[in-house]
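[1] Any chance you can model this:
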Amino acid sequence: MSVKNISNAQIVTAAQVHARNRRLFWLLSVGVLILGVLFSAMAQAQGSKIGFVNTERILRDSIPAKAAQTKIEAEFKKREDELQRLATNLRTLAQKFEKDAPVLSESDRNKRQRELANIDADIQRKRREFQEDFNRRRNEEFATIVEKANAAIKRIADQENYDVILQDAVTVNPRIDITDKVIQALGK
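    Modelled structure (predicted):
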């Protein structure tokens, strides 16, 4: 279909799409809220027991999480120190260049600028690789902790007859928060 053959009725503006998406989001939000209220009412009517676990706190405050963080930092300490050394070396070279620049010929100045840019690019690449490796390793360790935490949550749910245990809710009444129990179970 060519542009000339498109009628005004077929043209949808970005504002119309945005308005339609806002309405859809609002309707979905109201639907989820209504389902949540109904679920909560049904649970209360049946005397259900609901718990909540804050995964972020478990990954931050539990003994295995702290041990994993210490272990990972120790593994990556040498590489981190090397990056610091390279960055310090680059700063020193840049300061020397700034000091020498007025007396250098144009070609020498350009050559040293390229060298500094190459060193900087190399450091940035190594820093990205370091961060990617660090994050990958951290995710591996934390995946193990999450598995152990899920097992602990299941044990607590079975022992204390919970019907539902939620993780990572927007807002929670502290009365149903069992995160401390899970952290204690992981510490054993």
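[2] For stretch 103-118, buried residues please.
    For stretch 103-118, a neighbour-count test (16 or more other Cβ atoms under 10 Å) marks residue 112 as buried. Heads up, the C-betas are built off the backbone N, CA and C, glycines and all.
[3] For the longest helix along the chain, give the mean pLDDT please.
    Secondary structure assigned by DSSP state H gives helix 106-160 as the longest helix of the chain. Mean pLDDT, computed over helix 106-160, is 93.
[4] Which elements pack onto that helix?
    In terms of contacts (3 or more Cβ pairs under 8 Å, 6 or more residues apart in numbering; DSSP states H and E), helix 106-160 is packed against strand 50-53, helix 55-61, helix 63-100, strand 164-167, helix 179-187.
[5] Report the inter-axis angle for the longest one versus helix 106-160.
    Comparing the axes of helix 63-100 and helix 106-160 via axes from the mean of the first three to the mean of the last three Cα atoms, to 10 degrees yields an angle of 170 degrees.
[6] Next, the angle helix 179-187 makes with helix 63-100.
    Per the same axes, to 10 degrees, the angle that helix 63-100 makes with helix 179-187 is 90 degrees.
[7] and the helices and strands packed on helix 106-160, which is most packed in?
    strand 50-53 (a mean of 22; mean count of other Cβ atoms under 10 Å).
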